[in-house]
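Engineer: Compute the structure for the input listed below.
(2 chains)
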2 protein chains.
Amino acid sequence: MTSFKLTDGLIAQIQQLIEENNNKALTELICELHYADIAEIIHELTIEEAVYIIRLIDADKTADVLTELDDDYRDKILKTLSAKEIADEVTELDTDDAADLISDLSDERKTEVISYIEDVEHAKDIVDLLRYDEDTAGGLMAKELVKVNENWNVLECVREMRKQAENVTRVHSIYVVDDNDVLKGRLSLKDLLVTSTRSAVKDIYIPKVDYVYVNDTAEDVAHIMSKYDLEAIPVVDEMKRLVGRITIDDIVDVIKEEAEKDYQLAAGITHDVEADDSIWKLTKARLPWLLIGMFGGLGAASIINGFQDAMGKYPILLIFIPLIQATAGNVGVQSSAIVVQGLANNSIDGQLIARLLKEFILGLINGLTIAGIVILVSHFAFHAEYMISTTVAIALVTVIVNAAIIGTFIPIFLAKRGVDPAVATGPFITTSNDVLGILIYFSIAKMLLGF
Amino acid sequence: MTSFKLTDGLIAQIQQLIEENNNKALTELICELHYADIAEIIHELTIEEAVYIIRLIDADKTADVLTELDDDYRDKILKTLSAKEIADEVTELDTDDAADLISDLSDERKTEVISYIEDVEHAKDIVDLLRYDEDTAGGLMAKELVKVNENWNVLECVREMRKQAENVTRVHSIYVVDDNDVLKGRLSLKDLLVTSTRSAVKDIYIPKVDYVYVNDTAEDVAHIMSKYDLEAIPVVDEMKRLVGRITIDDIVDVIKEEAEKDYQLAAGITHDVEADDSIWKLTKARLPWLLIGMFGGLGAASIINGFQDAMGKYPILLIFIPLIQATAGNVGVQSSAIVVQGLANNSIDGQLIARLLKEFILGLINGLTIAGIVILVSHFAFHAEYMISTTVAIALVTVIVNAAIIGTFIPIFLAKRGVDPAVATGPFITTSNDVLGILIYFSIAKMLLGF
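Structural biologist: Alright, predicted model coming up:
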């Protein structure tokens, strides 16, 4: 495709047009673009310039642009717009995007915006959606869907559907409900096309239909939709009444965010920061984890300090501290990452003992390999005494096995207690393994060298 | 939904039924389940048991099960099945899944399997798809799609469509081509419903259509589809002829795999291992990264060894080694993770200097905070001399700023040279920062304390 490429030249051109108030050229230039591309451009502009464009261009285009913007940036733009202007944008959006757009506004401003929405049904749906937590099926769903009553015939169906389909961008499935709006099944467009118009919906619908409850978590919904390859799933309330529909594009966002969160936790960053965030926001996201590492480092210092005798008698022991520490950290992160990912994919089941045994053997293999190399190097390069090399080697194997078992055990333990196991990765596991590694190292040295 | 739950009881029941050759009960039990659930069950069985089930149950059910299995496990099952049996499964699959299923077979066996496929058109399409690299648009696409000629009228269109739609599970868009099969645009089902049957396709199609080329990478396709919220995208060849279609469910898999790969690289695991893999495979995935860490540790040992004087004169310096090392590692991983993620989202652009400056300031803020705390602790807890505390503090700030800049610079540098920046995360960045951190620490100590 003629792929869009964001260039400095394009940004400069747009800024120039804004400065010249050349609205005609600006409109022409921007209206050609996809809303996702316009959003990329807007991210490079000042808030004032962004607001200028949003006021200039029709809401049917800019509403979608607003949904694509980063939350922080969008909130700044919304602050500048009047309630009436926001209502114009909201009117153009599907209910799920509309609710997302105004969900962060103050209650007062929310009420004001909603009062300006002329389509009462649309306003009702949005107000309804505002009730749900954004991390649940209710928070993801849209009210736009095509549903038919089981008591209708195909002809009535098609008539109703045409009416409803006007508000629905993409028809995935036609949902069948009873008189109480309880979900009974689904119909495919194909079925409707090939059946006689007199047939009753009751006789042709497919009763087997996947659905989720409004209060199911976004992660569960993502898991179900991607496991069963669904492009849309109906959402029901506690009485199994059909209340909305979730489409796969919203799930793609959930999956991406979930992956980013785990990645950031593993890297020791509080979730949800981006390279372009302010220094203050980045510091808040990074400093806490560094402090954990710092206390770990100070803990290790006090352990080493406790082995004063060793420091005096066998100073060469100290040069292997970085090796012990790095190995413990790396092994711990590897083990925990594999388990965290397995837990996320639901591919890890009960047998904790078997899994720990496997990690034990793995740790032993890796440990013996590394210990072997280290004995050779410490003998030939550092001319370490035989007992020192042996001490380092035994400590390494112990530290590796220990780190592997801890890295496996902690995430599983957290998951069983209902805590997100991803918090156990990164600095948390590295730090505890660092400190434990140093303690194991000096304890073994004390035992073997007897200082 | 009545969510499926894999239990030990269910597995035991199925194994029992297999042992008893109770085919009737087994068929009833399994045919009720979704293929994705059957795949979960099969993963818990031995290969012999899995093959028993696959031979027992109809190919229209088991073919989809096979596509859900892990590659390693599936290959073992395929080895046990005859070419004729594989052909029966392939016949039931869409062309993209069919090509994936047999792509890892030997050329000889591929030919044999294909010779058993009775539907020649289906066989042709599969052979065609086998030509493409699995990480390209060609490797992702299916041949099943609905296309109409721009010279037809709506009536001809609907007739043709019904014929084609039989082979297509979900109709997303109807693609419009010219006499040479060159992609011209698209039609929506809705448009067809509301237009007179006499209208020419030429007059009603939408010429604006996103597409990708067969050789575009899977990652690019995923980026375009998720950015523009597309549920399907047509694939064209070098002459812009329509050759296939990619649907969003395949892209969900690409996005998940991409995220897993980055996560594993950050955790120091060669990509594509799972908790249930064999010890040998896990060792191969983990040991190389541990060896990198080991050589880093030995490098650090030789640096410390080079500062023998300091070790004799100021042994207290040595107790802060873990602190320096842990901090350097953590900061490096944080910085690189943010940049790698920004690069993956295309949200990082040109201004390298600005970004490094930002990291410099960030490093300074974090560094000064941590140094402040460390000065207090080392004074009160370790009774360190004033000059020692100062040395540690200055070294910490320098190490943090250095790690932040390196962590930012290396991924950007790699990305510019066309290397996947994700390899720069994890043990690689940790190790280099460890070693550099120790070097900086002792160099600063030597300058300030003058040993």
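Engineer: I'd like to know how many residues surround A:Thr270.
Structural biologist: By other Cβ atoms under 10 Å in any protein chain shown, 16 other residues sit near A:Thr270. C-beta: built from backbone N, CA, C; applies to glycine.
Engineer: Quick check: it touching A:Lys284?
Structural biologist: Yes. Counting by Cβ atoms under 8 Å, A:Lys284 is a contact partner of A:Thr270 at 7.1 Å.
Engineer: Which SSE is immediately downstream of the lengthiest helix in chain A?
Structural biologist: The longest helix of chain A (DSSP state H) is helix A:386-416. Later in the chain than helix A:386-416, the nearest helix or strand by DSSP states H and E is helix A:427-449.
Engineer: I'd like to know which elements that following helix is packed against.
Structural biologist: Applying 3 or more Cβ pairs under 8 Å, 6 or more residues apart in numbering or on different chains; DSSP states H and E, one finds that helix A:427-449 contacts helix A:279-306, helix A:308-313, helix A:321-344, helix A:386-416, helix B:321-344.
Engineer: close enough to count as contact, A:Thr390 and A:Leu448?
Structural biologist: Yes. Here A:Thr390 reaches A:Leu448: they are 7.0 Å apart, a contact under Cβ under 8 Å.
Engineer: So the two - more neighbours on which side?
Structural biologist: Neighbour totals were compared for A:Thr390 and A:Leu448, and A:Thr390 leads with 17 against 14 (other Cβ under 10 Å).
Engineer: Give the residue spans of chain A that score low on pLDDT.
Structural biologist: With pLDDT under 70 as the threshold, chain A has low-confidence stretches at A:1-3, A:165-171, A:190, A:193-194, A:271, A:347, A:349-350.
Engineer: Spell out, range by range, the strands that occur in it.
Structural biologist: Using DSSP state E, the strands of chain A run over A:146-149, A:174-177, A:183-187, A:212-213, A:232-236, A:242-247.
Engineer: A:Asp128 and A:Ala98, how far apart?
Structural biologist: 11 Å (Cβ to Cβ, to the nearest Å).
Engineer: between these two, which one's more packed in?
Structural biologist: A count of neighbours by other Cβ under 10 Å puts A:Ala98 above the other of A:Asp128 and A:Ala98, at 28 against 15.
Engineer: re the thing from before, as a markdown table, the helices and strands packed on helix A:427-449 with distance to B:Lys5 would be great.
Structural biologist: Below are those laid out as a markdown table (distance: least, Cβ to Cβ, whole Å):
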| stretch | distance to B:Lys5 |
| --- | --- |
| helix A:279-306 | 36 |
| helix A:308-313 | 54 |
| helix A:321-344 | 16 |
| helix A:386-416 | 16 |
| helix B:321-344 | 34 |
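Engineer: if we can go back for a sec, overlap of the contact sets of A:Thr390 and A:Leu448?
Structural biologist: Residues within reach of A:Thr390 and of A:Leu448 at once, by Cβ atoms under 8 Å, 6 or more residues apart in numbering or on different chains: there are none.
Engineer: and the closest residue to A:Ala25 other than its chain neighbours, how many neighbours does it have?
Structural biologist: In this structure, A:Ala25 finds its nearest non-sequential neighbour in A:Leu17, 5.4 Å apart by Cβ to Cβ, 6 or more residues apart in numbering or on different chains. A:Leu17 has 20 neighbours, counted by other Cβ under 10 Å.
Engineer: Over to the one 3 residues further on?
Structural biologist: Using other Cβ under 10 Å, A:Glu20 is surrounded by 10 other residues.
Engineer: cool, and A:Leu376?
Structural biologist: A:Leu376 has 11 neighbouring residues, counting by other Cβ under 10 Å.
Engineer: ok, now A:Ala381?
Structural biologist: A count of neighbours around A:Ala381, defined by other Cβ under 10 Å, yields 12.
Engineer: residues in contact with it?
Structural biologist: Neighbouring residues of A:Ala381 by Cβ under 8 Å, 6+ apart: B:Leu298, B:Ser302.
Engineer: From chain B, how far out is A:Ile405?
Structural biologist: 14 Å (Cβ to the nearest Cβ, to the nearest Å).
Engineer: A:Asp70 too?
Structural biologist: According to Cβ to the nearest Cβ, A:Asp70 stands 9 Å off from chain B.
Engineer: Phi, psi for that residue please.
Structural biologist: phi -60, psi 150 (degrees, to the nearest 10).
Engineer: if I read this right, A:Ile438 contacts A:Ala300, doesn't it?
Structural biologist: Yes. A:Ile438 is within contact range of A:Ala300, at 4.6 Å (criterion: Cβ under 8 Å).
Engineer: got any residues that touch both of those two?
Structural biologist: A:Gln325, B:Pro322.
Engineer: What sits closest to A:Val214 if chain neighbours are left out?
Structural biologist: A:Gly138 (3.9 Å).
Engineer: burial count for A:Asn180?
Structural biologist: Burial of A:Asn180 is recorded as 8 neighbouring residues (other Cβ under 10 Å).
Engineer: again, but for the one 3 residues further on
Structural biologist: Neighbours of A:Leu183 under the rule other Cβ under 10 Å: 20.
Engineer: Look up the closest residue to it, ignoring the ones flanking it.
Structural biologist: Excluding the flanking residues, the one nearest A:Leu183 by Cβ to Cβ, 6+ apart is A:Leu242, at 4.6 Å.
Engineer: need the contact list for that neighbour.
Structural biologist: For A:Leu242, the contact set (Cβ under 8 Å, 6+ apart) comprises A:Leu145, A:Lys147, A:Tyr175, A:Val177, A:Asp181, A:Val182, A:Leu183, A:Pro234, A:Val235, A:Val236.
Engineer: Which among the helices and strands packed on helix A:427-449 is found nearest to A:Ile117?
Structural biologist: helix A:279-306 (32.7 Å; Cβ to Cβ).
Engineer: Return the distance of that closest one from the chain's centre.
Structural biologist: Put simply, helix A:279-306 sits 26 Å off its chain's centre (Cα atoms, centre = their mean, to the nearest Å).
Engineer: tell me which residues in it are buried?
Structural biologist: In terms of neighbour count (16 or more other Cβ atoms under 10 Å in any protein chain shown), helix A:279-306 has its buried residues at A:282-283, A:285-287, A:289-301, A:303-305.
Engineer: next one: stretch A:409-427
Structural biologist: Neighbour-count burial for stretch A:409-427 flags A:409-412, A:414-415, A:420-427 (criterion: 16+ other Cβ under 10 Å).
Engineer: Quote the end-to-end distance of it.
Structural biologist: Start and end residues of stretch A:409-427 are separated by 16 Å (Cα to Cα, to the nearest Å).
Engineer: Give me the residues contacting that stretch.
Structural biologist: A:261-262, A:265-268, A:289-290, A:292-293, A:333, A:336-337, A:339-340, A:343-344, A:348, A:352, A:355-356, A:429, B:267, B:330, B:333.
Engineer: Quick check: chain neighbours aside, which residue is closest to A:Asp75?
Structural biologist: A:Asp104 (5.8 Å).
Engineer: what separates the one you found from chain B, distance-wise?
Structural biologist: Look at A:Asp104 and chain B: by Cβ to the nearest Cβ, they are 21 Å apart.
Engineer: buried sites along the longest helix of chain A?
Structural biologist: So helix A:386-416, judged by 16+ other Cβ under 10 Å, has buried residues A:388-412, A:414-415.
Engineer: next one: stretch A:439-447
Structural biologist: Within stretch A:439-447, the residues that count as buried by 16+ other Cβ under 10 Å are A:Leu439, A:Ile440, A:Tyr441, A:Phe442, A:Ile444, A:Ala445.
Engineer: Same question for stretch A:366-385.
Structural biologist: Within stretch A:366-385, the residues that count as buried by 16+ other Cβ under 10 Å are A:Asn366, A:Gly367, A:Thr369, A:Ile370, A:Ala371, A:Ile373, A:Val374, A:Ile375, A:Val377, A:Ser378, A:Phe382, A:Ala384.
Engineer: Next: stretch A:355-369.
Structural biologist: Quick answer for stretch A:355-369 (16+ other Cβ under 10 Å): A:Arg355, A:Lys358, A:Glu359, A:Leu362, A:Gly363, A:Ile365, A:Asn366, A:Gly367, A:Thr369.
Engineer: Appreciated, that's everything.
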